[in-house]
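Enquirer: Give the three-dimensional model of this entry:
(chains A and B, ligands or ions: 2)
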Amino acid sequence: MIEKAFQGSKGYWTWIACLLAVIAIGGMFYVQQWNYGLGITGMSRDVSWGLYISQFTFLVGVAAGGLMLVLPYYLHNYKEFGRITILGEFMAIAAVVMCLMFIIADLGQPMRALNVLLHPTPQSMLFWDMVVLNGYLALNLICGWAILHSEYKGVKYSNWVKPFIYLSIPWAISIHTVTAFLYAGLPGRDYWLTAILAPRFLASAFAAGPALLLIIALIIERNTLFRVGQVAKDKLVTIISYAAIINFFFLACEFFSAYYSQYPSKMYTKDYLFFGLEKDGSIFNNLVPYMQASVVIGLIGIAMIFYARSKKSDLLLGISCGLIFLSLWIDKGLGMVLGGFVPNPMGQVTQYYPTIPELGITAAVWATGFLILTILYKVAISVKLEKEL
Amino acid sequence: MKKDRRDFLKLAGCAAVAGVGSSTAFHSLLRGEAEAAGLRRAGTKKEKTGVRLGMVIDIQKFLDDQDLARRCIRVCHQIHNVPEFGNPKDEIKWLWTDRFEHVFVKDTHYRQAQHLQGMPVLTLCNHCDNPPCVRACPTKATFKKADGIVGMDYHRCIGCRFCMAACPYGARSFNWRDPRGMDEHGRSFIRELNPDYPARTMGVVEKCNFCSKRLAQGKLPACVEEAAGAEAMFFGDLNDPNSEVSRVLREKFTIQRRPSLGTYPSVFYII
Ligand code: SF4
Ligand code: SF4
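Expert: Ligands and ions are numbered 1, 2, ... in the order given. You can find the predicted model right below:
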């Protein structure tokens, strides 16, 4: 089956080569980081998590978002999703691998990563995050591969896979809930200390994951004979738009409770992220343009996706999904984590700017994810097309 | 000072048998706790017994002797091989001063005594009784000992920095680069290496440990010893009503850093 990944057009190989180049450059930066330490990044005593952990947080969402494709098909027997379910499972695999890579990239002592398993600490949310992430990876590898393999053989997947499929459904929720709990249980970090954090995470995940998948599906449709099907696309639009709307509703709830209550520590971070925080005569606002853009882009994306659906325009659909994805990426892949640190619990402001090596390593992890995704999708689509043609 | 040390030695010696004589200790403790806490601590089933180390810092004394804080910090950082990178981004600190309004965050004080604003206050890890940093650590590299000290195992720490996110007091530092290295002028980050204490490696978290190594030798923490002449710092068993800290806590009005967070800091301040 895997041999399908080695037969491809010129465009396919160029794409692979580009990804490999980004990975190689990032790899060089990682060697630098290995030798110098995490001081090579823009993180500091005050902002002790940066781009790596925020990307990790966002990608856990993308991985969990695969659920929105698996659930209707297996649980509600929604046949129209038959063609894209496997894409959702494979997307989850790529996303979880990226998550794990970001965690490793962020460790001060990566060689000791196994200490988490050698000295299991059930009271630590990070321990549970490790457990659920690796479990989810395993579940998706098992399900994805078993199902594709049976398709390759032209038979229905065997019954032993079923429990794993059903297990993977609540498990997808658990990965993002536990990731939210990493943040939502810390005193003194008022931006994170909110019970709505896990629901917010899930809402944004259920929009971002399917949005990315739909974009990829459209690209595949353009370049191969593979077709997602109009009904499935429409259904995805519904899922994405409702999840995105709920996400913004939750954001509005956060705003309400902060500003109506006038509770200072609840307002500070939102001031810093969305309006600029004034402190000792200076204004701190390096994230404001991004966060404001995130809201605007997201709302435009939602409006546009409904329009694209009524017009049945794939181009507009792709663009609106892109906007929604970008909006959620800024909100979660940037603001969510940094907002917990600025201002710090002592009320001091240290702004964070990622460095070139940090950006390089981040890009390399994304490229690795896309490489995995490309290979998995190549195999999956080749198998599917072969059976159908 | 002498009395204080005697107190402390007694405490260290009795620590082992504390469990045995806990019945009387229990009663005096109840009295002590009743004074200290207005509200029963949520979530605790039984009262704490045994040694519970704590510290009192008299802010006024540090104002009287402006150089005292610097001396305390120097001796702490020197004996513990705390590196100096010369920039705030990589900074590591165990004991340091910060402005009053940062140490005691109160966003909504309408009026506050002028002299308090900007006043330097000595801060360090609070060795919280309910430490969020310990809860967060996924490898038990940060742990709470029976005597209340929140300790660090530098060899087990994976450098995930979850504890730093969890600590609401900014008490933890991370080795962003190799502390045993040298700057571009060939100057070691650790100015004078103290061979009796380990230097850390790159990529681990560190913080004040209440001088647990000195305590084991029956000595007081280095900073307390430095400040003893000025009677500016006190250290000892909070659960022993006869200890110096207990006496000071009884006699003086003290405050803690952000008590509303439920971390139960064991460092107290006399304003
Ligand atoms: S002050 Fe911070 S580092 Fe120290 S015990 Fe409390 S939470 Fe942990
Ligand atoms: S108790 Fe010891 S380690 Fe902690 S600040 Fe004082 S001298 Fe430093």
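Enquirer: which ones are touching the closest residue to chain B within the stretch 51-200 of chain A?
Expert: Nearest residue of the stretch 51-200 of chain A to chain B: A:Gly108, at 1.9 Å (Cβ to the nearest Cβ). Using the backbone N, CA and C atoms, a C-beta is placed for each residue, glycine as well. Going by Cβ atoms under 8 Å, 6 or more residues apart in numbering or on different chains, A:Gly108 touches A:37-38, B:157-161, B:174-175, B:202-205.
Enquirer: Mind putting these into a markdown table with secondary structure and neighbour count?
Expert: Formatted as a markdown table, the contacts of A:Gly108 follow (DSSP: H, G, I helix; E, B strand; the rest coil; neighbours: other Cβ atoms under 10 Å in any protein chain shown):
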| residue | secondary structure | neighbour count |
| --- | --- | --- |
| A:Gly37 | coil | 22 |
| A:Leu38 | helix | 25 |
| B:Cys157 | coil | 28 |
| B:Ile158 | coil | 26 |
| B:Gly159 | coil | 23 |
| B:Cys160 | coil | 28 |
| B:Arg161 | coil | 23 |
| B:Phe174 | strand | 27 |
| B:Asn175 | coil | 28 |
| B:Met202 | coil | 21 |
| B:Gly203 | coil | 24 |
| B:Val204 | coil | 23 |
| B:Val205 | strand | 27 |
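Enquirer: Next, format those residues as a markdown table and append distance to ligand 1.
Expert: Output for the contacts of A:Gly108, formatted as a markdown table (distance: Cβ to the nearest ligand atom, whole Å):
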| residue | distance to ligand 1 |
| --- | --- |
| A:Gly37 | 21 |
| A:Leu38 | 19 |
| B:Cys157 | 13 |
| B:Ile158 | 17 |
| B:Gly159 | 15 |
| B:Cys160 | 15 |
| B:Arg161 | 12 |
| B:Phe174 | 12 |
| B:Asn175 | 16 |
| B:Met202 | 20 |
| B:Gly203 | 18 |
| B:Val204 | 14 |
| B:Val205 | 9 |
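Enquirer: closest to A:Leu338 among those?
Expert: Taking Cβ to Cβ as the measure, A:Leu338 sits nearest to B:Arg161 out of the contacts of A:Gly108, at 14.1 Å.
Enquirer: which non-adjacent residue is nearest the closest one?
Expert: Counting by Cβ to Cβ, 6 or more residues apart in numbering or on different chains, B:Arg161 lies nearest to A:Ser48, which is 4.5 Å off, once chain neighbours are set aside.
Enquirer: these two touch, right, B:Phe234 and B:Arg250?
Expert: No - B:Phe234 is beyond contact range of B:Arg250, at 11.7 Å (criterion: Cβ atoms under 8 Å).
Enquirer: Compare those two (neighbour count), which wins?
Expert: B:Phe234 (26 against 12; other Cβ atoms under 10 Å in any protein chain shown).
Enquirer: tell me the contacts of the more buried one?
Expert: B:4, B:55-56, B:58, B:224, B:244-245, B:248.
Enquirer: Most widely separated two among these?
Expert: For the contacts of B:Phe234, and using Cβ to Cβ, no pair is farther apart than B:Asp4 and B:Asp58, which are 13.4 Å apart.
Enquirer: Next one: whichever residue of the stretch 1-150 of chain A sits closest to ligand 2 from A:His119, what distance?
Expert: Shortest the stretch 1-150 of chain A-to-ligand 2 distance, computed as Cβ to the nearest ligand atom: residue-wise this is A:Arg45, at 16.4 Å. Distance of A:Arg45 to A:His119, given as Cβ to Cβ, to the nearest Å: 26 Å.
Enquirer: now do A:Val155
Expert: Distance from A:Val155 to A:His119, by Cβ to Cβ: 45 Å.
Enquirer: more neighbours, those two?
Expert: Taking other Cβ under 10 Å, A:Val155 and A:His119 do not tie; A:His119 has more neighbours (17 against 9).
Enquirer: so where is the chain shaky, pLDDT-wise?
Expert: Here I'm looking at chain A. A:388-389 (pLDDT under 70).
Enquirer: Can you look at chain B instead?
Expert: Chain B contains residues with pLDDT under 70 at B:1-48, B:107.
Enquirer: List, one by one, the residues from it near ligand 1.
Expert: Within chain B, the positions adjacent to ligand 1 are B:125-128, B:131-133, B:150, B:167, B:169, B:171-172, B:207, B:263 by Cβ under 6 Å from any ligand atom.
Enquirer: Next step: these restricted to helices.
Expert: B:132-133 (DSSP state H).
Enquirer: so which of the residues of chain B next to ligand 1 is the most crowded?
Expert: B:Cys167 (29 neighbours).
Enquirer: and the gap between the nearest residue to that one once chain neighbours are set aside and B:Lys207?
Expert: Using Cβ to Cβ, 6+ apart and skipping residues adjacent in sequence, the residue nearest B:Cys167 is B:Cys133, 4.7 Å away. Note on B:Cys133: its distance to B:Lys207, by Cβ to Cβ, is 8 Å.
Enquirer: From ligand 1, how far out is B:His115?
Expert: Distance of B:His115 to ligand 1, given as Cβ to the nearest ligand atom, to the nearest Å: 26 Å.
Enquirer: Could you report the neighbour count for that residue?
Expert: If you count neighbours by other Cβ under 10 Å, B:His115 ends up with 9.
Enquirer: what sits against it?
Expert: By Cβ under 8 Å, 6+ apart, B:His115 has no neighbours at all.
Enquirer: That one falls within a helix, correct?
Expert: Yes - under DSSP: H, G, I helix; E, B strand; the rest coil, B:His115 falls within a helix.
Enquirer: Would you quantify the distance from it to B:Leu63?
Expert: If you go by Cβ to Cβ, the gap between B:His115 and B:Leu63 works out to 8 Å.
Enquirer: Over to A:Leu277?
Expert: Taking Cβ to Cβ as the criterion, A:Leu277 is separated from B:Leu63 by 31 Å.
Enquirer: and these two? which has more neighbours close in?
Expert: A:Leu277 (20 against 15).
Enquirer: Would you check that my belief about the more buried one contacting A:Leu287 is correct?
Expert: No - taking contacts as Cβ under 8 Å, A:Leu277 lies outside contact range of A:Leu287: 10.1 Å.
Enquirer: Neighbours of A:Asp46, how many?
Expert: 21.
Enquirer: For chain A, what is the nearest residue in the stretch 151-271 of chain B?
Expert: Going by Cβ to the nearest Cβ, chain A is nearest to B:Gly159 of the stretch 151-271 of chain B, at 1.9 Å.
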